[in-house]
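Participant: I would like to see how this sequence folds:
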Amino acid sequence: MVSILELWLPILLSSVMVFILSSIIHMVLPYHRTDYKKLPSEDSLLDTLRKANIPPGDYMFPFCSDNKERNSQEYKDKLEKGPAGIVTIFPAGTNFMGSSLVMWFIYTVIVGIFAAYVAGRALPAGTDYLAVFRFAGVTSFVGYTLALLQDNIWYKKSWATTIKNVIDGLIYALFTGGIFGWLWPGITS
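Facilitator: Numbers count the residues shown, from 1 in each chain. Modelled structure (predicted):
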């Protein structure tokens, strides 16, 4: 067994590497530029939403509060007529990029800690690179990707966007596994 404290360097280095890779993927490479589309009549729709003074939060439309309402003809008619969807409203004037980047980095550290925990409990010091790579890589892949599928199942997110995000997660996992394998304690060259 290898303790999480002994793995502080691969946790930190893999977090920094994933942060850099994700920045390159999202800012330099073009394949995420089609993740979102512009709403038709955006200006008119935004004017209408401003007038509604909607507080920040997640909203579903048409909304129903229970199964009785969900089974009502009125609700079924709203669904049939459309549109139906889910929307997240951000606070007005908010530039949340800074706080999102901080939270993303914290998340990469958390994924690294879980990878360290699983690999550290399963493998002793001195384990060969490939075994460490597999444990840390698979654990980090799970942390970066599997929950994304729920958004497609329940919230009808774009499968194309999710597949791109899963590919990103695979890249992050490969680098995480590689860094853990490289810096695993007890390996002599």
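Participant: quick one, what contacts K78?
Facilitator: The neighbours of K78, taking Cβ atoms under 8 Å, 6 or more residues apart in numbering as the test, are 62, 84. For every residue, glycine as well, the C-beta is placed using N, CA and C.
Participant: Would you map the helices across the chain?
Facilitator: Using DSSP state H, the helices of the chain run over 8-27, 42-52, 67-70, 73-81, 97-122, 129-141, 148-155, 159-183.
Participant: now the farthest one out in this structure, which residue is it?
Facilitator: Q73 (37.0 Å; Cα atoms, centre = their mean).
Participant: C64 touches K76, doesn't it?
Facilitator: No: the pair C64 and K76 does not pass the contact test of Cβ atoms under 8 Å, sitting 10.0 Å apart.
Participant: In terms of neighbours, single out the busier of these two.
Facilitator: A direct count of neighbours by other Cβ atoms under 10 Å for C64 and K76 places C64 higher, at 16 against 13.
Participant: On the pLDDT front, check the nearest residue to the more buried one once chain neighbours are set aside for me.
Facilitator: By the measure of Cβ to Cβ, 6 or more residues apart in numbering, the closest residue to C64 outside its immediate chain neighbours is R70, 4.6 Å from it. Looking at R70, its pLDDT is 92.
Participant: now R70: how far from D77?
Facilitator: Note on R70: its distance to D77, by Cβ to Cβ, to the nearest Å, is 12 Å.
Participant: And P185, by the same measure?
Facilitator: Taking Cβ to Cβ, one finds P185 at 64 Å from D77.
Participant: These two: which is more packed in?
Facilitator: Counting neighbours by other Cβ under 10 Å for P185 and for D77 shows that P185 has the greater number, 17 against 10.
Participant: contacting residues around the more buried one?
Facilitator: Taking Cβ under 8 Å, 6+ apart as the definition, contacts of P185 comprise 2, 6-7, 125-126.
Participant: rerun at 7 Å
Facilitator: P185 makes contacts with 2, 6, 125, as judged by Cβ atoms under 7 Å, 6 or more residues apart in numbering.
Participant: Can you tell me which of those has the most neighbours?
Facilitator: Looking at the contacts of P185 with neighbours defined as other Cβ under 10 Å, the largest count falls to V2 at 21 neighbours.
Participant: Perfect, I'm done here.
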